[in-house]
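Student: Sequence and predicted structure, then a few things I'm wondering about:
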Amino acid sequence: MIPTPHVDWFAISTILVLLGASFVALLSAVLVPRSWRRPFASSVAALGFAGGIVTSIWLYVDSPDGQRVIASSFYRDRWTALAQIALCAVGLVATLVSVEHIPGPGSLSDPARRDDHIAEFFALLLAATSGMAFLVGAANLMTLFLSLEWFSISLYIMCAIDYDLEGSLEAGLKYLIIGSFGSASLLFGSALVYGATNRIDYAGIAQQVDKLGLSHDVLLVLGLAMIIAGLGFKASAAPFHMWTPDVYEGAPTPVTAFMASATKIAALFLAVRVLNTAFPQERYLWTWAFAGIAVASLAIGNLAALTQRNVKRMLAYSSVAQAGFLLIGLSTGTPLGARGMAFYLLAYSAAAFGSFAVLAARERELGEPVTLDNLAGFGWERPFLGLAMWLFVFSFAGLPVGGGFVGKFYVFSAAYEHGWTWLVIVGVAATLVSLYYYLAIVRAMYMRQSQELRVAPVSGGSPPPERLLNAAVGAALVVSVGTLFAVEPLITLARHAAAALPF
Amino acid sequence: MNASDLTTVLICLPLGAALLIWLLPLSRFATGSLAVLVSLVEVALWIEQAVRFDYGARGLQNAQQTAWIKDLHVSYHVGEYGFSLFLVGLTVVAMAAAVGYGFWVGRDRPRAYFGLMLFLTGATVGVFVAQDLLLFYAFFEAMLIPLYVLIGVWGGPGRIGATLKLLLYTMSGSLVMLAAIVVFGLKYGTFDLIASPTSPSRWLFLGFMLAFLIKAPLFPFHGWLPDSYREAPAEVTAVLSGVIAKAGTYGMLRIAITKFPEPTSFYRTAIMALGAASLVYGSMLAFRQPGFRGVVAYSSMAASGLIALGLFSGTNLGYDGAVLQMVAHGLVSAALFLLAGAVERRTTTGEFAYLGGMARGRPALATLLMVTGVIALAVPGSASFAGEFLILAGSYQRAWWWAVIGASGVVLAAMYMLRLISAVLHEARGSLVRDEAMDLRPGELSLIVPLVGVLLALSFWPAGISSHSFAGDNPTKAVREQFR
């Protein structure tokens, strides 16, 4: 008989809260009358995320010493908790944006059907976040794969939620196919690693490699390479990024916002843990591999973004490029790199989420995809959203108006300390290239008049007031700008979190 | 409030006021008045600081330090030396004039405009007082952000191209500087300008210098200059050439020369050659320009060349003269660009082909342009003359031919300045100069007269700056020992 493991319920409380909320939201799809569904499901989602934030903060405070719980399959430590806090926060603001913006503009032939699937959407959003919250704490390759699929499948459906729109369906399908390829690669890699070491838990793999002298074993290295590829798909780093522009463009904008920030948080927090815990002996290999991936992402993301006219697509490529900057931190394999990356992720995800949320507002106003041309005059028409967008893209570009500045400084510092001055120079060159297209957004918003370009408004009257979206953008703005000033407290959080990792 | 807090207040007051202006739905008039008021308070606070400043004391004054990124030993560290005090003074005075000009002209979208102008004030003050490399960099970049929008939104027809050039040029320099800062800070364990040791690394020196050479700008890094100076609104060009370009030469003095003594002497000849080339080439280009702004723009490049010549001569006289020249030229070019704006508003053009004869019936304009122009061409007795003379004397001590080249620049300055004055004020009346075009109005006078007044005061007492910039009479020693 298999012995029942002791279950530390508190360690997985965030996941359970989110999952519970997800069930309630899903039930509301059949139990709550249609006119009440949207407010009910969104409130449940908001409460769920708020609860998740509370439990993960509690977990952070209460787990100064990391440990593995539940048959050694899950890490209860601050690294997990920090990622969970960030994920739940992203989920919360995603809920705020989704209330008004799901389904997307022009996606329904019959407006009466607008509330048909809203409860399922929030259920999926909660489930996806819950899966991500599980992923970042996964302690063996099995739970890793399980949670990866868990959130991926939720995201596949969320991408296709505007099922009347070809683009949305295409995004869902494309993400499904390419995402499955990534998952398969990761699964196959896990199998190879298991084959080489006979273990699936991270710490065990490292021990076994030590014991059997497996370092640079062909099977192990091949497995590692495939795991890296699988993680690269999820983090949308080049050359595994090819799904990113299409999916980000086609998916409903709130979903894109959620994916751009939450998926990166989950994938990168996980990557740092897996690589440092399971493959410390292969550090030399994977640091160089990720340095290569970082350079490729910087080059491809930035150069491709230069020629985009569709703003969502441009920001998609920008997120590939940003993955490159984040991976600079990861690729050093040092504590400084890890906490630098964690810090950069906070700043990045706020700016990424915020910028897509602003696009959602503009999209709704126009009823068509946002391009650099029809963004004209936006900054003057909607001063708050315009200013926010301005600050977000400048934060991406590493100008000192947002945490992106400090984040870039951190990852560059980590690269230099690792002895990779060349990577600093690559990063600096990439930043310079990126300026061109980030400035193009600001230029479009402020320096051209909408009359000049004759953008036709969708319907008469002023755009609908969007308090929830404004609140979400405001929150993102506070985080994005706040990370510039409150470096010390945040980096202390990140340092404590990174202390849980075996450096 | 003690004088140390004042340093932070000088940075934060305009930033806070900018935020306030963006948040509060004030009327056009209220916004403008608030901005002008804040700029005047800045000037008053600076005067308070200047009065309390101990010009004889060595070391940093009015300093404040708080940890920012402890992890990497970065802190919010601000403070002033004599020369930084004067540059802060230049900033607040020129910005006050520019903000006032914007108010008087009545720029549209006042909340955005005045907010950005105040933001620019705060960031520029920050550059001149920052004593931590990363903080310096942050302010150095932060200056660009409002500048970009100010030119891009309120600029002339070619503004989009101009802003793009400005940003790409200056950012390519400053990003290289960021790499240099990261390497410098981690190599020596601190980003603090005072606590860090000097470095013998030539690569790092070049990394810093590239940013400063582009910002100043010196030949051949001046590609952004003509477009930006032509397309920006007059008062923005005034601060761009008068104040912001000085961040480049300030950086050379505060960081490049102080922190890299060995590379400085290694590259001395090369950089002095660039300075001399900028001086001569800039002056010749200024002489060939078809319009008011072009002349002043290239004369700014020439002035930057002269300042670099003085700084890199590495002599007592050179340092003193360079600081004096930074302030004097800052005021001169601010005043000249505001006058250019005034002329353009009256005639819709700055092209000499359509100008001329404006002196008749416009005594105030004629007098002010004449006085500023004469100071600009460094007529003996003027503040610029004192500065240029000190610089030339300093470079003569380095080698006589530097002084010869420098002196040729002074001759060229007379040529292009007199050409400008006669093309605008004298000669036959231009086709776009109408009789109804008014003389300077009291509003304009109240902005330009103080600038010229300060210049005249400096002309009477150049030692006010030149012997108070570095504690003691020995700037070379101060640069060698004091700033660390």
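Tutor: In hand now; what should we look at?
Student: Contacts for stretch A:173-180, please.
Tutor: For stretch A:173-180, contacts defined as Cβ atoms under 8 Å, 6 or more residues apart in numbering or on different chains pick out A:152, A:155-156, A:159-160, A:233-234, A:242-243, A:246-247, A:250-251. (C-beta placed from N, C-alpha, C; glycine too.)
Student: Could you say which of the residues you listed is surrounded by the most neighbours?
Tutor: A:Ala251 (32 neighbours; other Cβ atoms under 10 Å in any protein chain shown).
Student: wait, what's in contact with it?
Tutor: Neighbours of A:Ala251 in contact, by Cβ under 8 Å, 6+ apart: A:158-159, A:168, A:171-172, A:175, A:259.
Student: In helices, which of the contacts of stretch A:173-180 fall?
Tutor: When DSSP state H defines the helices, the subset of the contacts of stretch A:173-180 inside them is A:152, A:155-156, A:159, A:233-234, A:246-247, A:250.
Student: What is the burial count for the closest residue to A:Tyr194 other than its chain neighbours?
Tutor: Of all residues not flanking A:Tyr194 in the chain, A:Ile200 sits nearest, at 5.5 Å (Cβ to Cβ, 6 or more residues apart in numbering or on different chains). By other Cβ under 10 Å, 20 other residues sit near A:Ile200.
Student: Just the mean pLDDT for the helix or strand containing A:Thr80, thanks.
Tutor: Under the criterion of DSSP states H and E, A:Thr80 resides in helix A:78-101. Computed over helix A:78-101, the mean pLDDT rounds to 93.
Student: do stretch B:401-412 as well
Tutor: Computed over stretch B:401-412, the average pLDDT equals 88.
Student: List the buried residues in it.
Tutor: B:402-403, B:405-406, B:409-410, B:412 (16 or more other Cβ atoms under 10 Å in any protein chain shown).
Student: from these, which ones fall inside strands?
Tutor: Among those, no residue falls in strands (DSSP state E).
Student: Can you tell me the closest non-neighbouring residue to residue 278?
Tutor: In the absence of a named chain, this looks at chain A. Spatial nearest neighbour of A:Ala278, excluding adjacent residues (Cβ to Cβ, 6+ apart): A:Tyr202 at 3.8 Å.
Student: that's the wrong chain, I meant chain B
Tutor: B:Gly305 (2.9 Å).
Student: Looking from chain A, tell me which residue of chain B is nearest.
Tutor: Nearest residue of chain B to chain A (Cβ to the nearest Cβ) works out as B:Ala138 at 3.9 Å.
Student: Identify the residues contacting that residue.
Tutor: By Cβ under 8 Å, 6+ apart, B:Ala138 lies in contact with A:400, A:405, B:126, B:130.
Student: Can you name the helix or strand that it falls in?
Tutor: helix B:133-154.
Student: Go through that helix and flag the buried ones.
Tutor: B:133-154.
Student: How about stretch A:176-188?
Tutor: A:176, A:178-180, A:182-183, A:185-188.
Student: Which ones among the residues you listed map onto strands?
Tutor: Per DSSP E, the buried residues of stretch A:176-188 never map to strands.
Student: of all those residues, which two lie farthest apart?
Tutor: Maximum pairwise distance in the buried residues of stretch A:176-188, criterion Cβ to Cβ, is 18.1 Å, between A:Leu176 and A:Phe188.
Student: What count of nearby residues applies to B:Tyr319?
Tutor: Neighbours of B:Tyr319 (other Cβ under 10 Å): 27.
Student: Not counting sequence-adjacent ones, nearest residue to it?
Tutor: With sequence-adjacent residues excluded and distances taken as Cβ to Cβ, 6+ apart, B:Tyr319 is closest to B:Pro475, at 3.7 Å.
Student: Please pull out the lowest mean pLDDT helix or strand from chain A.
Tutor: Lowest on mean pLDDT, DSSP states H and E among the helices and strands of chain A sits helix A:450-453, with a mean of 54.
Student: follow-up on the earlier one: what's the helix holding A:Thr80 packed up against?
Tutor: Judged by 3 or more Cβ pairs under 8 Å, 6 or more residues apart in numbering or on different chains; DSSP states H and E, the packing partners of helix A:78-101 are helix A:13-31, helix A:34-62, helix A:118-135, helix A:253-258, helix A:264-278, helix A:335-366, helix A:467-485, helix A:487-498.
Student: average pLDDT across the fourth one?
Tutor: Mean pLDDT, helix A:253-258: 93.
Student: residues from chain B in reach of chain A?
Tutor: B:22, B:67-72, B:109, B:112, B:134, B:137-139, B:141-142, B:144-145, B:148-149, B:152-153, B:159-160, B:163-164, B:167-168, B:171-172, B:175-176, B:178-179, B:182-183, B:185-186 (Cβ under 8 Å from any Cβ of the partner chain).
Student: Is the residue in chain A that chain B sits nearest to in a helix, a strand, or coil?
Tutor: Nearest residue of chain A to chain B: A:Pro400, at 3.9 Å (Cβ to the nearest Cβ). Following DSSP: H, G, I helix; E, B strand; the rest coil, A:Pro400 is assigned to coil.
Student: doesn't B:Leu324 make contact with the residue nearest to B:Tyr319?
Tutor: No - judged on Cβ atoms under 8 Å, B:Pro475 makes no contact with B:Leu324 at a distance of 11.5 Å.
Student: any residues in contact with both of these two?
Tutor: B:Ser469.
Student: Helix, strand or coil: sort out B:Pro25 for me.
Tutor: Assignment for B:Pro25 (three-state DSSP): coil.
Student: what number of residues lie near it?
Tutor: By the criterion of other Cβ under 10 Å, B:Pro25 has 8 neighbours.
Student: Now it. Its backbone dihedrals?
Tutor: phi -80, psi 70 (degrees, to the nearest 10).
Student: and what of A:Ala397?
Tutor: Note on A:Ala397: backbone dihedrals following degrees, to the nearest 10 are phi -80, psi 0.
Student: per-residue confidence at it?
Tutor: Per-residue pLDDT puts A:Ala397 at 91.
Student: Do I have it right that it meets A:Leu435?
Tutor: Yes - using Cβ under 8 Å, A:Ala397 is in contact with A:Leu435, at 5.3 Å.
Student: quick one, which of those two is more surrounded?
Tutor: Neighbour totals were compared for A:Ala397 and A:Leu435, and A:Ala397 leads with 28 against 23 (other Cβ under 10 Å).
Student: got the contact list for the more buried one?
Tutor: A:404, A:431, A:434-435, A:438-439.
Student: and B:Thr31, what does it touch?
Tutor: By Cβ under 8 Å, 6+ apart, B:Thr31 lies in contact with B:21, B:110-111, B:114.
Student: what's next to stretch B:397-405, contact-wise?
Tutor: Contacts for stretch B:397-405 (Cβ under 8 Å, 6+ apart): B:268, B:272, B:276, B:279-280, B:309, B:313-315, B:317-318, B:392-393, B:395-396.
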